[in-house]
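S.K.: Okay, predicted coordinates and the sequence, questions at the end:
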Amino acid sequence: MAFVEIHKSEESINGLKDLFKQNSRRADINPSTFTGRSEEGTHGGEMICAKSGIDFMPISKTLLKQIESETGDHLHFAAGCLRLKGFSFLLITSYLKCSVGMDEDNSIRMKQISLLIQITGLLFICIGDFNLLPAEMYATGWPQFLHGEIMTPANTRTTLKHTSDRMIDFLIISKSIIGVVKSLLVNLEAPTSPHFMLDLELYGAPRTIVEPASI
């Protein structure tokens, strides 16, 4: 499970980790940052958690500190390494600021993801709230720079409830592993608001996948 905008401070995430641990889940949590507009106001915060039986390893704290140092900013993603029958890749969840396009802050957030990919040398799936339409994201050049493609849920034209044509939650995935995705759909029953939750299903044995070749 991947969540964004959790609004949990550094002091409160240990209790959240304990809650998931009690339910046989391992969580990697990136705390929210304080907005400065009030004593308790927070912004963002991301989390990935996996069942204890899944081969999922959080990113080392040393590497994350290096990314923060190189970008001069607090982290704005949560990530881990997911292993499927001998095949490993990064699973990342991220949140970009709303209504500002690809401004300097959002560019730094994408750079942080880029550094993680470059340092680990792993392929990736990044799922999140990008607050940009797919065409707008492509126009920034980031998917191309990351050698990635955008994948959107197949059963909708919007990922915001009560708003049409706002596809702002999607995947950016390494081109070479697109075939690992079995399906990406919006979940119409999950009690999330104002966004729909996305259901991502992956093939468990990606080596057996045969993709069509263009001639």
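M.R.: Yep, that arrived.
S.K.: contacts, neighbours, all on C-alpha from now
M.R.: Noted.
S.K.: name the element Glu70 belongs to?
M.R.: helix 61-71 (DSSP states H and E).
S.K.: With Cys126 instead?
M.R.: strand 124-129.
S.K.: again, but for Ala154
M.R.: Under DSSP H and E, no helix or strand contains Ala154.
S.K.: residues near it, how many?
M.R.: 10 (other CA atoms under 10 Å).
S.K.: Check which residues of the helix or strand hosting Ala50 are buried.
M.R.: Using DSSP H and E, Ala50 sits in strand 46-51. Neighbour-count burial for strand 46-51 flags 46-50 (criterion: 16 or more other CA atoms under 10 Å).
S.K.: would you put the C-alpha positions of it in CSV?
M.R.: Output of strand 46-51 as CSV, limited to C-alpha atoms (Å, rounded to 0.1, in the frame of the first residue of the first chain):
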residue,chain,number,x,y,z
GLU,A,46,4.5,9.7,2.1
MET,A,47,4.3,6.1,3.2
ILE,A,48,4.7,2.6,1.7
CYS,A,49,3.8,-0.5,3.6
ALA,A,50,4.0,-4.2,2.7
LYS,A,51,2.8,-7.5,4.3
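S.K.: what's the angle from it to strand 124-129?
M.R.: Interaxial angle, strand 46-51 versus strand 124-129 (axes from the mean of the first three to the mean of the last three CA atoms, to 10 degrees): 120 degrees.
S.K.: helices or strands up against strand 46-51?
M.R.: Applying 3 or more CA pairs under 8 Å, 6 or more residues apart in numbering; DSSP states H and E, one finds that strand 46-51 contacts strand 2-4, strand 25-30, strand 77-84, strand 87-95.
S.K.: pLDDT (mean, whole number) over whichever helix or strand comes after the shortest one?
M.R.: Heading C-terminal from strand 2-4, the first helix or strand you meet, by DSSP H and E, is helix 13-22. Average pLDDT, helix 13-22: 83.
S.K.: Would you agree Asn187 is in contact with Phe196?
M.R.: Yes. Applying CA atoms under 8 Å, one finds Asn187 in contact with Phe196, separated by 6.3 Å.
S.K.: So which of those two has more stuff around it?
M.R.: Per other CA under 10 Å, whichever of Asn187 and Phe196 has more neighbours is Phe196, with 19 against 16.
S.K.: Now the more buried one. Nearest residue, chain neighbours left out?
M.R.: In space, Phe196 comes closest to Thr159 once its chain neighbours are excluded; the distance is 5.4 Å by CA to CA, 6 or more residues apart in numbering.
S.K.: per-residue confidence at His74?
M.R.: Confidence score, pLDDT, at His74: 90.
S.K.: secondary structure class for it?
M.R.: coil (DSSP: H, G, I helix; E, B strand; the rest coil).
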